[in-house]
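K.L.:
all I have is the shape, not the residue letters:
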């Protein structure tokens, strides 16, 4: 006896296979876009930093201005100015002439020998006087003004430092970036003359350079800097658009948003660690032209100061948005948190009603439109953050506090709307309004 044959399998319903294929394609594209977003976030921060340093004079001056009062930079400047002034008193000649005159007056030869031995001390005293005047000048307000003026006037040369073209007060030669301190030397010369050190009058005009940065890799990174400069302000916009598209194409958008923000925060953390390693590598491989490692460290830290602020801001923003998206989900913990918040709002409204405070029809309207109101508040705060000039961690925390305050007000109004219209009329009773 032959076994009955199995009935033929049902053909897939029309449109089912294409629908599944579309989901697979959309999921793949979403994953790719989210990955690109996470990678481009730190690159965007670098782009904005380069643009601020190169194209925004006020931003650049505010970046380098603190260096004028940095103790390590001041010490390096004193050394360079003293070296540039190069005041020399021929102590041996002066003491020799004095010894001869004393001997001609009948003093014993040992007196002349003692006077001649004072020659090195006389040279040292002259050097100390120059160093003292230079220190007083560098630590005063005039040096800060000269520093700021020189850097503002030389701002266009920062672009030359990154592109390798042209010369100016800020000069680039090979991988060395240096600042002309000739004006500072001239001011010290004037102070020395006023102090009675006449040999300072013979100090010639100098074109002395103070090395700010030196790296053999400078020429190699110019092509990358040029690329970042070309992308400019469009790269952050492109990054946001890619992230939004990746989240919208995802099947589980809330989870995709959490993944995107945490991934971007992790990428920024990698960039922060990269800066730490770059700083250590640079300081461990300082060339001979850089005479003060402490000053080099201060200059490095100052130049990347705003980049570090941006990195910290991006990390905090990513964590905050991811946490907010998670708490708005359907998990047990998010539902529990929201439930407690709603019960707290109901309790507050009940207490207020017992003391004659009611939300009225406003509460009913807020309850009916609460989701749209919440979405509107989020969009407004996102726009404020996007338009904020150089946001910081404090900016993020301020906007979060504002959001929490607005959400608390909406929760209280909605709780009043659930309770009644303000006159004790429950929802659904005549005059109380109904919710579709």
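P.N.:
Yes, it's here. Bear in mind that the values here come from a model prediction, so they are computed numbers and not experimental data.

K.L.:
quick one: the helices in the stretch 301-436 of the chain, in order.
P.N.:
Ranges of helices in the stretch 301-436 of the chain, per DSSP state H, counting those that start in this stretch, are 305-327, 332-354, 360-368, 370-387, 393-419.

K.L.:
now these as a markdown table including mean neighbour count, mean pLDDT and distance to residue 136?
P.N.:
Using the backbone N, CA and C atoms, a C-beta is placed for each residue, glycine as well. Shown next, in a markdown table, are the helices of the stretch 301-436 of the chain (neighbours: other CB atoms under 10 Å; pLDDT from 0 to 100; distance: least, CB to CB, whole Å):
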| stretch | mean neighbour count | mean pLDDT | distance to residue 136 |
| --- | --- | --- | --- |
| helix 305-327 | 19 | 93 | 28 |
| helix 332-354 | 13 | 88 | 62 |
| helix 360-368 | 18 | 87 | 67 |
| helix 370-387 | 13 | 91 | 46 |
| helix 393-419 | 18 | 91 | 38 |
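
K.L.:
distance to residue 284 for those helices - can I get that in JSON lines?
P.N.:
Converted to JSON lines, the helices of the stretch 301-436 of the chain look like this (distance: least, CB to CB, whole Å):
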{"stretch": "helix 305-327", "distance to residue 284": "20"}
{"stretch": "helix 332-354", "distance to residue 284": "47"}
{"stretch": "helix 360-368", "distance to residue 284": "61"}
{"stretch": "helix 370-387", "distance to residue 284": "38"}
{"stretch": "helix 393-419", "distance to residue 284": "30"}
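
K.L.:
looking at the ones you listed, which is closest to residue 233?
P.N.:
Closest to residue 233 of these is helix 370-387 (CB to CB; 11.7 Å).

K.L.:
got the angle for the closest one vs helix 393-419?
P.N.:
Angle, helix 370-387 to helix 393-419, by axes from the mean of the first three to the mean of the last three CA atoms, to 10 degrees: 170 degrees.

K.L.:
so what touches helix 370-387?
P.N.:
317, 366, 391, 395, 396, 399, 402, 403, 406, 407, 410, 414 (CB atoms under 8 Å, 6 or more residues apart in numbering).

K.L.:
one more time with 10 Å
P.N.:
Applying CB atoms under 10 Å, 6 or more residues apart in numbering, the contact partners of helix 370-387 are 236-237, 240, 313, 317, 321, 324, 328, 365-367, 369, 391, 395-396, 398-400, 402-403, 406-407, 409-411, 413-414, 417.

K.L.:
quick one: buried residues of stretch 240-252?
P.N.:
Buried residues in stretch 240-252, counting neighbours by 16 or more other CB atoms under 10 Å, are found at 240, 242, 243, 245, 246, 247, 249, 250.

K.L.:
quick one: the strands in this structure?
P.N.:
Assigned strands in the chain, in chain order: 170-173, 176-180, 209-214 (criterion: DSSP state E).

K.L.:
so how many other residues sit close to the residue lying closest to residue 231 once chain neighbours are set aside?
P.N.:
With CB to CB, 6 or more residues apart in numbering as the criterion, residue 231 has its nearest non-adjacent residue at 5.7 Å, and that residue is residue 47. By the measure other CB atoms under 10 Å, the count of residues near residue 47 is 23.
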